[in-house]
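K.L.:
Sequence first, predicted model second:
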Amino acid sequence: MKGETGTPLLEVDQVFKAFRVGSEGWLGDKAILVRAINGVSITITRGESFCLVGESGCGKSTLARTVMGLETPTSGTISYEGMRIDDLADDKRLPFRQKMQMIFQNPYASLNPRMTVNQTLEEPLRFHRPDLSPSALRDKVVEVMESVGNNPDWGERFPHEFSGGQRQRISIARALMVDPEFVVADEPISALDVSIQAQVLNVMMEAREKHNLTYLFITHDLSVVEHFGSRVGVMYLGALCELADTKTLFSNPRHPYTQGLLAAIPKMDGTELSHTKMKGEVPTAMNLPPGCVFHTRCPLAKDRCKVDIPELRDIAGRQVACHYAEETA
Ligand code: SF4
C-alpha cells in the first residue's frame, strides 16, 4: 500500500551518468569522458536508512545529486513512489522538492553567511507554504530547532557564531522545516570534528524516528554505517559491487572490495589499534579498467577479471558483483 513502511519509495534503475571534461582544442583533439555512474540500480523502501559507501571519487555523491535532480542521468530512470521524476519539468518537480531534502557535507559552505538562523529556516517553508502566517512560521522554527537539540533563541544569530556541529544541526533543521519524507545526506559528518560526529548522527537517527524519515546516507566511512544503516550499497568506480543488509555485510562480506574496506577499519588488537590498508589507488573514472573495475587492486583477480564485467547477482542473501563470490566466504 502507498505510504506504508517497507514499500518502495525511491527507485534508481540502471542509471548512468557521464561528464565531458575539457573541449576540443583545450585537451588535444577531443574532450575526455568521465563515467561517474555506470549502471546503478537501487530500490530504497520507506522507513529505511540506506547507506551508500565508497572511497572518494566512486560516484556516490554524483548519484546523490542525480537522485535530487541536481544532475540529469545520461541514461536510466529515477522514480519516487512509482512516478518517474528524473525527466520532470521544474514546475512538475516542485512537490518532490518538498518531499525530498538534502543535507550537504560542509555546514560552513551550505549555510548562507548573510542570513540569520530564522531567515535560513523560514526560507524553504515560505517558498513551499506561502499560506502560513508569520506566527505559524516562527512556531515551526522553534519546534524544529528544539527537535535537533538547538536553542530556539539562536534565531537572530549568523552561521559564523556557531560551531561545526551546531551548524550541521541547523542544516538538518532547515531540511526538516518542510516535513520531508526522504532525506539525502551527503557525507553529513565527515567535515566535523570526530568528537561531535556521533552527536550529529544521533540527531539524524532521532529525526528519523520523530519524522518517519527515509534516508539515503552517503559516506566514505564504513564504520559509521554499522550503527546507522539498515542496508548498505558498496560502490566502486561508479558501480555497485555489493548490496546487503547491514548485519549481513558486516558479519560476512563477500566482495573483495567490501572485505578490504572492512579490514581497513581500525580495531583493538589486544592493547593496540590495528587495521589493514587496502593496496593501490583508485583508478580514474576517465580511464576505467576493462572487465571488473576492481581487478587492478583485487587480491583474488584472475585473467577472466581483466575481460569480463561481473554482474550484480544474488548470493548468500545479498547481491555481489564478483565472478568468484562463491569462493570469498
Ligand atoms: Fe576480484 Fe575478479 Fe571478483 Fe573483480 S571479479 S572482485 S577482480 S575476483
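P.N.:
Everything's here; your move.
K.L.:
which residues does Gly22 contact?
P.N.:
Gly22 makes contacts with 31-32, as judged by C-beta atoms under 8 Å, 6 or more residues apart in numbering. C-beta here means a position set from N, CA and C on the backbone, and glycine is covered the same way.
K.L.:
what's the distance between it and Val34?
P.N.:
Counting by C-beta to C-beta, to the nearest Å, the separation of Gly22 from Val34 is 10 Å.
K.L.:
Quick check: neighbours shared by the two?
P.N.:
Common neighbours of Gly22 and Val34, counting by C-beta under 8 Å, 6+ apart, are absent.
K.L.:
For burial, what's the neighbour tally of His227?
P.N.:
Residues within reach of His227, counting by other C-beta atoms under 10 Å, total 11.
K.L.:
Kindly report the same for Pro180.
P.N.:
Neighbour count of Pro180, defined by other C-beta under 10 Å: 20.
K.L.:
Downstream of the strand or helix carrying Val40, the next helix or strand is which one?
P.N.:
Secondary structure assignment for Val40, by DSSP states H and E: strand 32-45. Sequence-wise, the next helix or strand downstream of strand 32-45 (DSSP H and E) is strand 49-53.
K.L.:
Give me the contact list for the following helix or strand past that next one.
P.N.:
Downstream of strand 49-53, the next assigned helix or strand under DSSP H and E is helix 60-67. Outside helix 60-67, the residues that touch it by C-beta under 8 Å, 6+ apart are 10, 12, 15, 17, 36-37, 40, 52-54, 71-73, 78, 86, 100, 102, 184, 186-187, 216, 218, 220, 235.
K.L.:
Helix 60-67 to strand 49-53, inter-axis angle?
P.N.:
Between helix 60-67 and strand 49-53, the angle comes out at 130 degrees (axes from the mean of the first three to the mean of the last three C-alpha atoms, to 10 degrees).
K.L.:
what pairs with whichever helix or strand comes after helix 60-67, and is each one parallel or antiparallel?
P.N.:
Per DSSP H and E, helix 60-67 leads on to strand 75-80 as the next helix or strand towards the C-terminus. Applying DSSP bridges, strand 75-80 is found paired with strand 8-21 (antiparallel), strand 83-84 (antiparallel).
K.L.:
ok, and what's touching strand 75-80?
P.N.:
Counting by C-beta under 8 Å, 6+ apart, 9-16, 39-41, 66-67, 84-87, 96, 99-100, 182 sit against strand 75-80.
K.L.:
these two touch, right, Pro113 and Arg157?
P.N.:
No: using C-beta atoms under 8 Å, Pro113 is not in contact with Arg157, being 11.7 Å away.
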